[in-house]
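K.L.:
The following block contains a protein sequence and its predicted model.
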Amino acid sequence: MAPVDLANCVTLSRYFLVLIFAATCASRMVPFRIVALTALIAAFTTDLVDGQLARRREVPRPPLEGTVFDTTADSFTFVLVFGSLVHVNAAVPSVFVAVLLGRALLDLMRVFSLVRCLPFPTPTRLTKLKGVSYSFLAPVLYSGNVGGILTPLTNSALRAAIQIALVAVTLVAVIHFFGRHRKYVALLLVN
């Protein structure tokens, strides 16, 4: 029996945590909103941890396996989380559109690389910063919906600033990614 890959288990758990968030975030009952916020924070924590676990493995796995699995989980997470945030009025649709288009462009480049049997494009520091920004800012956007001591986070100026930051970090990260990989982009499009 093959050993269980802890990094892939952590990545797999993200799917379930995001589904829990999406299923409970619109509830009118505060306990369900607390569950939603907890699931959201846990989901983004798995995104920050799984890559580190994969790099610490004693027996290396094929690098593409984990990379594709993590990238797919990222896409699922970002689209479902930001779509849910729009649904509960914690974010405006332009944030969802920026995240969706940014993710689609990055995924398109990755699909081209897989189809053309080229190495998977490596993330840049700014694409990693984008993921970390999502991990911290999405829960802050939602936490205002929970109520109680978190109610001050519903401040419209704070929410507006966070949403502008999310759109900006998405655009800058995608532009930087394509700029950093411009020779690679040309190779993908020409071949």
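P.N.:
Sure, I can see it.

K.L.:
How about residues contacting the worst-scoring helix or strand of the chain on mean pLDDT?
P.N.:
Ranking every helix and strand in the chain by mean pLDDT, DSSP states H and E puts helix 182-190 at the bottom, with a mean of 73. By CB atoms under 8 Å, 6 or more residues apart in numbering, the list of residues contacting helix 182-190 from outside reads 109, 112, 113, 116, 118, 121, 178. Any C-beta I mention is one placed from the backbone N, CA and C, and that applies to glycine too.

K.L.:
my guess is the third one contacts residue 119, does it?
P.N.:
Okay, so that is residue 113. Yes - taking CB atoms under 8 Å as the definition, residue 113 is a contact partner of residue 119 at 6.7 Å.

K.L.:
can you map out the helices along this protein?
P.N.:
Here the chain has its helices, by DSSP state H, at 6-24, 30-55, 63-87, 93-115, 125-143, 156-180, 182-190.

K.L.:
Which neighbouring elements make contact with the fifth one?
P.N.:
What that stands for is helix 125-143. On a contact count with 3 or more CB pairs under 8 Å, 6 or more residues apart in numbering; DSSP states H and E, helix 125-143 meets helix 30-55, helix 63-87, helix 93-115, helix 156-180.

K.L.:
Please identify which of these is closest to residue 145.
P.N.:
Of all the helices and strands packed on helix 125-143, helix 30-55 sits nearest to residue 145, with 6.0 Å by CB to CB.

K.L.:
Could you pull out the buried residues of that closest one?
P.N.:
Across helix 30-55, burial judged by 16 or more other CB atoms under 10 Å covers 32-47, 50-51, 53-54.

K.L.:
ok now that helix, how far from the chain's centre?
P.N.:
Taking CA atoms, centre = their mean, to the nearest Å, one finds helix 30-55 lying 11 Å from the centre of the chain it belongs to.

K.L.:
what angle do it and helix 63-87 make?
P.N.:
Counting by axes from the mean of the first three to the mean of the last three CA atoms, to 10 degrees, helix 30-55 lies at 160 degrees to helix 63-87.

K.L.:
pLDDT averaged over helix 30-55 - what is it?
P.N.:
Across helix 30-55, pLDDT averages out at 88.

K.L.:
which secondary structure elements does that helix contact?
P.N.:
Where contact means 3+ CB pairs under 8 Å, 6+ apart, helix 30-55 is packed against helix 6-24, helix 63-87, helix 125-143.
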